[in-house]
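> next input, structure requested:
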Amino acid sequence: MIKRDAYIDKIRGFMDKPELVKIITGIRRSGKSVMLELIREELRIFGVPEKNMLAYNFENMELEPLKNAVSLHKHLKEKIKTLKGRAYLFLDEMQEVEEWEKCVNSLRTNSNVDIYITGSNAKMLTGAYATFLAGRYIEIRMRPFSYIEYCEAERENGQKGNDAEVFKRYLKLGGMPVLSNLGLSDTEAKQYLRDIYASVVIKDIMMQNNFRDVDLLERIILYVLANVGKPFSATSISKYFKSENRIVAPETVLNYLKGCEDAFLFERLRYLDVPGKRMLKINEKYYVADHGLREAVYGNNERDIELVLENIVCMELKRRGYDVCVGRAGGKEIDFIAVKGEEREYFQVCYLLASEETVEREFGALYSIHDNYPKYVLSLDEFDMSREGIAHKNIREFLKDS
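Numbering: from 1, shown residues only. I've put the predicted structure just below:
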């Protein structure tokens, strides 16, 4: 089992602090349930008795009677009464429980409990839900394996191959954690990823938003997957459907896209005018949580390698805790502006710097930014092509450089 130290390090400082509910969110099958087990391992090391750790997965049909706030609260209160000392609650896929936030807030206020929750939909922390727990929770966003974690999992499972071969597998099938343990063929792995995709569509998008047109939703998802990293708007998708003799209002497209974001399937990036330091009201870009899902549902990861590399870098920057947007400066587009506190970095991503024209395009976009923050061009070239204060890095090395 991969330890996923980056997440454990974030959570460790909040362990045994009952005043704060720990909520782990992320796309389905990204490792949230395993993270709860890793937290339990940490608590065992510190002497917490096994019987004081109460764990529930609300996707288990046997827990159907507990999937509302009143019945779950009553059940947990009775369990807690039988324990000596603090109870530790591990509540997996909590969005399945109706009005879960009322139950959790009551337990947090009136019982000696330390609470850990997972959820596969961002709506559980918005609107009325957030009101009950405002200022009383911390959210840890989990993502599929980084490239470093993927390499570690490959080693643990005896997979062979040099860096280039391992990266090729990662490029094609992505970083969904369970894939590394199953030893599946490419065909079997894609079927597993399609099953994850189906669960996300039905459970985390359709059911959570009461959407009725699954065909429309899947067509919108396919459009986004085909255009990962390309600028477009809800209006442009609406026009695309019109060209196929289907009338879909831009507002409907926006609602479906928001449902996909809430299920952590897509990440939306806005444009920033670098000189003016203001967000631009123009087309946005979308990236998929795991590029393996793109291969399984849409295909063509190797053909669209430049788009997929861009997706991988975007997700890595998010994983490292950066706020990420797309930049505009001097009439040119910067792939990513990554900001964390006072830190700021600029990135251009391409497959290979195979011609002088490509070199000029990628480096030239960064020449127009006149500040002293670090600027990078990332590609799969093996030779360092840094110039004029702009660093060039191999993408594999960048992904390993945590």
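
> how close does the closest residue to Met124 other than its chain neighbours sit to Glu62?
Sequence neighbours aside, Gln95 is the residue nearest to Met124 in space, at 4.7 Å (criterion: Cβ to Cβ, 6 or more residues apart in numbering). To be clear about C-beta, it is placed using only N, CA and C from the backbone, and glycine gets the same treatment. Distance of Gln95 to Glu62, computed by Cβ to Cβ, to the nearest Å: 18 Å.

> am I right that the residue nearest to Met124 is in contact with Ser120?
Yes. Under the criterion of Cβ atoms under 8 Å, Gln95 makes contact with Ser120 at 6.5 Å.

> between these two, which one's more packed in?
For the pair Gln95 and Ser120, the greater number of neighbours falls to Ser120 (26 against 22), based on other Cβ atoms under 10 Å.

> now Asp5: phi and psi?
The phi/psi pair for Asp5 (degrees, to the nearest 10) reads phi -60, psi -30.

> and the one 10 residues further on, by the same measure?
The phi/psi pair for Met15 (degrees, to the nearest 10) reads phi -70, psi 140.

> counting by contacts, list what the strand ranked longest in the chain packs against.
Ordering each strand of the chain by length in residues (DSSP state E) puts strand 278-288 first. Other helices and strands packing on strand 278-288, by 3 or more Cβ pairs under 8 Å, 6 or more residues apart in numbering; DSSP states H and E, are helix 214-226, strand 266-273, helix 305-319, strand 323-329.

> and if we set it to 7 Å?
On a contact count with 3 or more Cβ pairs under 7 Å, 6 or more residues apart in numbering; DSSP states H and E, strand 278-288 meets strand 266-273, helix 305-319.

> helices or strands next to the helix or strand just after that strand in the packing?
Heading C-terminal from strand 278-288, the first helix or strand you meet, by DSSP states H and E, is helix 291-297. Using 3+ Cβ pairs under 7 Å, 6+ apart, the elements in contact with helix 291-297 are helix 163-173, helix 186-199, helix 305-319.

> and the helices and strands packed on strand 278-288, which is most packed in?
helix 305-319 (a mean of 22; mean count of other Cβ atoms under 10 Å).

> what's the angle from it to strand 266-273?
Counting by axes from the mean of the first three to the mean of the last three Cα atoms, to 10 degrees, helix 305-319 lies at 90 degrees to strand 266-273.

> which residues touch helix 305-319?
By Cβ atoms under 7 Å, 6 or more residues apart in numbering, the surrounding residues in contact with helix 305-319 are 143, 146, 171, 228-229, 267, 287-288, 291, 301, 324, 335-336, 338, 347, 349-351, 378, 395, 399.

> so which of those belong to strands?
Glu267, Tyr287, Val288, Val324, Asp335, Phe336, Ala338, Phe347, Val349, Leu378.

> and which of these is nearest to Glu188?
Val288 (20.9 Å; Cβ to Cβ).

> low-confidence ranges, the stretch 151-300 of the chain, go.
276 (pLDDT under 70).

> so what does Asn110 look like in phi/psi?
phi -110, psi 0.

> ok, it to Ile80 distance?
10 Å.

> for Val166, same thing?
On the measure of Cβ to Cβ, Val166 and Ile80 end up 47 Å apart.

> and what of Leu91?
For Leu91 relative to Ile80 (Cβ to Cβ), the value is 13 Å.

> which of the two has more neighbours?
Of the pair Leu91 and Ile80, Leu91 is the one with more neighbours under other Cβ under 10 Å, namely 26 against 18.

> give me the neighbour count for the residue nearest to Lys10 when sequence neighbours are not counted.
Spatial nearest neighbour of Lys10, excluding adjacent residues (Cβ to Cβ, 6+ apart): Ile140 at 5.4 Å. Taking other Cβ under 10 Å as the criterion, the count of residues near Ile140 is 18.

> quick check: Ile140 touching Ile8?
No. Ile140 is not in contact with Ile8 according to Cβ atoms under 7 Å; the separation is 9.8 Å.
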